[in-house]
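Q: Let me see the structure of the following:
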Amino acid sequence: MREVIDGVEFFSDFDSANLGSVVSTGEEDGFKTFELRTLPDCHGTPQETQNRTWFYFGISRVTPKLKLQLTVRDLNRQGKLFSQGHEPVVRVQHGDREPSKWTRACENLTYDNDDDFSIEWEYTCGPLVDEDTRIFFAFCYPFSYEEIQRRLETYDESFGFNWTLPDSDAAEADGGDAGPAVPPSIYYHRELLVRSHDGLRVDLVTVTSPENMMSEEEPRLANLFPDEECSRARRFEKKKVFFMSSRVHPGEVPATHVFNGFLDFILQPDDPRAQLLRQTYVFKLIPCLNPDGVKRGHYRMDAAGVNLNRFYDRPSLEHHPSIYAARAVCLHHHSRKNLEFYVDLHAHAGKRGCFIFGNALEIARQERNVSYARLVALNTPHFDFDNCSFSERGMFSKDRNSLSKEGSGRVGIFLATNITHVYTLECNYNTGRSVNQIPVITADDPRAERTPPLSSVPPPYTEEIWEDVGKAVAIAALDLLDRNPWSRLPASEYGGLGGLRKHTAAMIKSSRQKSGNSPGALPRRVAVALRNSKALEVCRAAREEALARKSAEQAVLAPPPRAKPVANSRAVRARVSSGSVLPAASRSPRRSTQDSHRQAAKSTRNSTAKATELGEASKKAPASKTGGSRGMYNPKAIAAAAGVNSTSPDQEKPQESDSKPKRLSRPLSTTTLEAVDMVPEPVTSPVTLHPDGTVTHEVVSMLRPRTSSVAMERKQLRLKASSTSSGLCIQPLASLTTRTPLSLDDALRTTRPSGIPRSLGKPIRKSITTNY
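A: Sure thing, here's the model as predicted:
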């Protein structure tokens, strides 16, 4: 909006702004008074929510010494935050000059904690304001989407280097602006990970050192990295991955300031701690997970009114593209056994201070898990270790919308990977409870930081304080390896890393004994969630694979043309006795197919018993040594194994077969030789071809009803293979279906035939559809 009210222009037509309406209420004690209301997230859409905390707007057309009284109404109840002294922030910009820094410069702030929560403050314009002066007010220190992009572009200019070209050509590429002529000591790479609903960039930044860099690039993960012109980041050997993400909730701006402090520190070229971090880790960083919400001025939701931090357990590329992409990157590096750290940055309006939420693990890993938080507290005075939580309850509680924290980034990534260091870092908008007296650095290096004297009263938080916390998050990862050249551990009460870990282990053991939990075991609910998550992940992978293969098969297996009635697409009619094709009848193809099936059933009245014997013979049949599990069907091999010649019925020369049936590594899932040659590998068990020309086709699928039980269904079909002028024909003779109930644990341990995925979780329909 942009509107002049009582001579003062109010506007919110810029990135991250939020202001709905303004009403003048006159003057009082020399102050012009205005009532303002914000817009809820997704205002004016079916997805509109009740989140009304973030505000960010500007005023202009002010005069020197003008006194204003501003009241923002209909906010969410944030009485606890404002009772601790929180104030809106102000910034002044004169014309096109650089704006001033954000400060808490409001006066006489009061709040009303009724149902219609409101805050009110006074502001007096300075003596130098004029008609070109703009004054901005915000709930907390803003950092818009455009500012994030500008900052990344600055990093691109400072650290960008074209690693895809030889050193002599790198400086000449792109008109000489590709970066330094000599490869730098910092590997920096920014790439487009995915686009948001509004088409905004979700970037992935990679930072490390050139050591152990491979010539090959990281793979382009499915549906991600859409910019084909931009190269992927290089792969690195023998380096662990440190993943960090920020701004999944757009109004939590302290998260971006922590992120900036972290990134600025690991890009320091001369700090020995930053150098060791780059040599040890590959940092994968996502600066903004919710660019739509940030740009629209939302507080908590994305453009579709979704809290993205509740869908890490089941993200959708269509509905949650950034979360789908972040999870995919983490799982990719976890599959290479490289993922070591996951840190998601947030802000908190209730608890004071900066602190960590972690997961509850068995004591052997919990000691390292909690020790990391202690090390963060040793490296910044503004981190509150006593406010950290690593409880089992905190992993499974539900928010006010009944969404479980199992879908949060911290718990969702832990359940998918089971790694130790998975954290949510929270920072209060306003201030902390106390200040740490951090130990001094004992190194003799004159470049080492000196510990300044600190007040015991926690200060109001600023951008610099949050950035210092981000820096401590990076240094603590180096301390955990006991490789920090400027460590504060020797001067601490623990005397070193060993003492700190011993103290932490004793604290965890004592705490769990008091609560009645086994100190050495994984908490029961966590163990169950890990097992269920593994089963669901197996199911998800199996379902995606089955759907992809079924889609490919349907695209290739188009019905053959009906030039001859004997080769219609619904069934192939073959004479069992002689192998010759049945004469085409005047009746419909469907009727002919039904009669063919009746004839086959009539000739095999003891089909159940024969199929059972056939199943036993199938189990003993040796696998073919020709044809791998990844190749395509070989029509000649199928015809030879069936003892027929696919060229012409007149030239049939059945081959002599061994006493034992031959076994192919591929099933027959179609009716003609030409189609078989193009079918990709389906999800099913092998086919057994017997010396008498009959075939055993066994299809195994996993069924899961609404209960927790699982059943394995095994279907055996007896077929007759013969050669015709149209190709290889198949006649169904008999079938037998058995279903075996399994428990969830048994299903996970069951050994299935080659090519059968472990399909647990939601039911998969048929693994393959076969027409005979």
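Q: Could you tell me whether Asp203 really is in a helix?
A: No: with DSSP: H, G, I helix; E, B strand; the rest coil as the criterion, Asp203 is assigned strand and is not in a helix.
Q: my guess is it meets Pro291, correct?
A: No: counting by CB atoms under 8 Å, Asp203 does not reach Pro291; the two are 9.1 Å apart. Bear in mind the C-beta positions are built from the backbone N, C-alpha and C, glycine included.
Q: the more surrounded of these two?
A: Neighbours were counted for Asp203 and for Pro291 using other CB atoms under 10 Å; Pro291 has more, 27 against 18.
Q: ok, now which ones touch that one?
A: Residues near Pro291 by CB atoms under 8 Å, 6 or more residues apart in numbering: 145, 148, 196, 198, 200-202, 322.
Q: Let me see the contact set for Gln47.
A: 301, 304-306.
Q: quick one: it and Asn484, what's the gap?
A: Shown here: Gln47 relative to Asn484, a distance of 47 Å by CB to CB, to the nearest Å.
Q: do the same with Arg278
A: The spacing between Arg278 and Asn484, counted by CB to CB, is 14 Å.
Q: same thing with Asp198?
A: As judged by CB to CB, Asp198 and Asn484 stand 42 Å apart.
Q: Between those two, point out the one with more neighbours.
A: More neighbours surround Asn484 than the other of Asp198 and Asn484, with 23 against 13 (other CB under 10 Å).
Q: mind checking which helix or strand that one is in?
A: According to DSSP states H and E, Asn484 maps onto no helix or strand at all.
Q: surely it meets Arg273?
A: Yes: at 6.1 Å, Asn484 and Arg273 qualify as touching, with contact defined as CB under 8 Å.
Q: shared neighbours of the two, which are they?
A: Common neighbours of Asn484 and Arg273, counting by CB under 8 Å, 6+ apart, are 475, 478.
Q: His249 - how many residues pack around it?
A: Neighbours around His249, by other CB under 10 Å: 25.
Q: how many neighbours does Phe137 have?
A: Phe137 is flanked by 22 other residues according to other CB under 10 Å.
Q: Contact partners for it?
A: Counting by CB under 8 Å, 6+ apart, Phe137 touches 55-59, 70, 88-90, 106, 123.
Q: Tell me the spacing between it and Gly30.
A: Phe137 sits 20 Å away from Gly30, going by CB to CB.
Q: and if you look at Thr424?
A: Distance from Thr424 to Gly30, by CB to CB: 47 Å.
Q: what about those two, which has more around it?
A: Thr424 (23 against 9).
Q: List the buried residues in stretch 387-401.
A: Within stretch 387-401, the residues that qualify as buried are 387-390, 392, 394-395, counting by 16 or more other CB atoms under 10 Å.
Q: what's the answer for stretch 495-502, then?
A: Under 16+ other CB under 10 Å, the buried positions of stretch 495-502 are 497, 500-501.
Q: Present these as a markdown table; the columns should include distance to Phe357, secondary structure and pLDDT.
A: Putting those into a markdown table (distance: CB to CB, whole Å; DSSP: H, G, I helix; E, B strand; the rest coil; pLDDT from 0 to 100) gives the following:
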| residue | distance to Phe357 | secondary structure | pLDDT |
| --- | --- | --- | --- |
| Leu497 | 23 | helix | 96 |
| Leu500 | 20 | helix | 96 |
| Arg501 | 21 | helix | 95 |
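Q: Show me which of these is closest to Pro459.
A: Nearest to Pro459 among these: Leu500, at 26.9 Å, using CB to CB.
Q: Please give the number of neighbouring residues around the nearest residue to that closest one once chain neighbours are set aside.
A: Residue nearest to Leu500 in three dimensions, not counting chain neighbours: Tyr494, with 3.9 Å by CB to CB, 6 or more residues apart in numbering. Neighbour count of Tyr494, defined by other CB under 10 Å: 19.
Q: Next one: Tyr494 from Ala377, what distance?
A: 12 Å.
Q: how about the strands of the stretch 101-250 of the chain, start to end?
A: Secondary structure of the stretch 101-250 of the chain (DSSP state E, counting those that start in this stretch): strands located at 107-112, 117-124, 133-138, 187-195, 201-208, 213-217, 234-236, 240-245.
Q: Just say which of those is most tucked in.
A: Highest mean neighbour count of these: strand 240-245, a mean of 24 (counted as mean count of other CB atoms under 10 Å).
Q: what are the C-alpha coordinates of the helix or strand just after it, in CSV please?
A: Once strand 240-245 ends, the next helix or strand along the chain (criterion: DSSP H and E) is helix 254-266. Output in CSV follows, covering the C-alpha atoms of helix 254-266 (Å, rounded to 0.1, in the frame of the first residue of the first chain):
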residue,chain,number,x,y,z
PRO,A,254,17.6,-13.5,13.5
ALA,A,255,18.2,-16.8,11.6
THR,A,256,19.6,-14.9,8.6
HIS,A,257,21.9,-12.9,10.8
VAL,A,258,23.3,-16.1,12.4
PHE,A,259,23.7,-17.5,8.9
ASN,A,260,25.6,-14.4,7.8
GLY,A,261,28.0,-14.6,10.7
PHE,A,262,28.6,-18.3,10.0
LEU,A,263,29.2,-17.8,6.3
ASP,A,264,31.4,-14.7,6.8
PHE,A,265,33.6,-16.6,9.2
ILE,A,266,34.2,-19.8,7.1
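Q: Got the phi and psi for the closest residue to Val469 other than its chain neighbours?
A: Nearest non-adjacent residue to Val469, counting by CB to CB, 6+ apart: Cys354, 4.9 Å away. With angles defined as degrees, to the nearest 10, Cys354 sits at phi -110, psi 130.
Q: quick one, what contacts Cys354?
A: With CB under 8 Å, 6+ apart, Cys354 has these contacts: 380, 382-384, 425-428, 432, 466, 469.
Q: just curious, which of those residues is nearest to Ile413?
A: When these are compared against Ile413 (criterion: CB to CB), the nearest one is Leu425, at 14.0 Å.
Q: hey, what's that closest one bridged with?
A: Beta-bridge partners recorded for Leu425 (DSSP bridges): Leu345, Ile356.
Q: didn't it look like it was pressed against Tyr342?
A: No: using CB under 8 Å, Leu425 is not in contact with Tyr342; the gap is 10.9 Å.
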